[in-house]
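Participant: fold the following for me, if possible:
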Amino acid sequence: MGDDNHTGTPHVEDYPAHVTEKVRYADTDRQGHVNNAVFATFLESGRVAVLYDPQAPLAQPGTSFVIARLELDFRAEMTWPGDIVVGTRVASLGRSSIVLEQGIFQGDTCVATAKTVIVAFDESTRRSRPLPESAVAILRDLSVTKA
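Facilitator: Model prediction:
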């Protein structure tokens, strides 16, 4: 997930959307590093910033987003104290789905990468709903290929 052919070491510049989070002391475990469950919370912050950006809304009224799949690869230890940056980009778009790729960076080190399949969800029918063209246009700007 690092360069154009998705091999090599990821860099924060590979991702067009960024969120900075503070690592809290409470995020650490007995080994003195950030607990693996916290990585998923940091990824959520990055996803939410893209999916629910008030400047570029993706969801129509009555629509939310659900995770269908989450793959998380731990690449390095994350430590306290400090800040991390979550980078997010769109890998692909389907009729009702979005595949996001994310990286978590502490300093210059990519500590984790993730791929998440997210589905647009109709809150009344409880079924998937097609992404509106307006959302597709916004998401293409965050795309790996800009296709």
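Participant: next helix or strand past the top strand by length along the chain?
Facilitator: Assignment by DSSP state E gives strand 109-122 as the longest strand of the chain. On the C-terminal side of strand 109-122, the closest following helix or strand by DSSP states H and E is strand 127-128.
Participant: other SSEs contacting that next one?
Facilitator: Using 3 or more CB pairs under 8 Å, 6 or more residues apart in numbering; DSSP states H and E, the elements in contact with strand 127-128 are strand 109-122. Backbone N, C-alpha and C define where each C-beta goes, glycine included.
Participant: name the SS class of residue 10, please.
Facilitator: coil (DSSP: H, G, I helix; E, B strand; the rest coil).
Participant: for residue 95, see how far away it is.
Facilitator: 28 Å (CB to CB, to the nearest Å).
Participant: those two: which has the busier surroundings?
Facilitator: Counted by other CB atoms under 10 Å, residue 10 and residue 95 do not tie: residue 10 has more neighbours, with 21 against 11.
Participant: that one touches residue 111, doesn't it?
Facilitator: No. Residue 10 is beyond contact range of residue 111, at 10.1 Å (criterion: CB atoms under 8 Å).
Participant: how about the strands in the protein?
Facilitator: 17-23, 63-74, 82-93, 97-106, 109-122, 127-128.
Participant: any chance of those strands in CSV with mean neighbour count and mean pLDDT as columns?
Facilitator: Listed next are those as CSV, based on neighbours: other CB atoms under 10 Å; pLDDT from 0 to 100:
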stretch, mean neighbour count, mean pLDDT
strand 17-23, 15, 98
strand 63-74, 14, 97
strand 82-93, 19, 98
strand 97-106, 23, 98
strand 109-122, 19, 98
strand 127-128, 12, 97
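Participant: residue 36: which of those is closest?
Facilitator: strand 63-74 (6.5 Å; CB to CB).
Participant: distance from that closest one to the middle of the chain?
Facilitator: The chain centre lies 8 Å from the centre of strand 63-74; the measure is CA atoms, centre = their mean, to the nearest Å.
Participant: how far off strand 97-106 does that strand point, in degrees?
Facilitator: Relative orientation of strand 63-74 versus strand 97-106 (axes from the mean of the first three to the mean of the last three CA atoms, to 10 degrees): 50 degrees.
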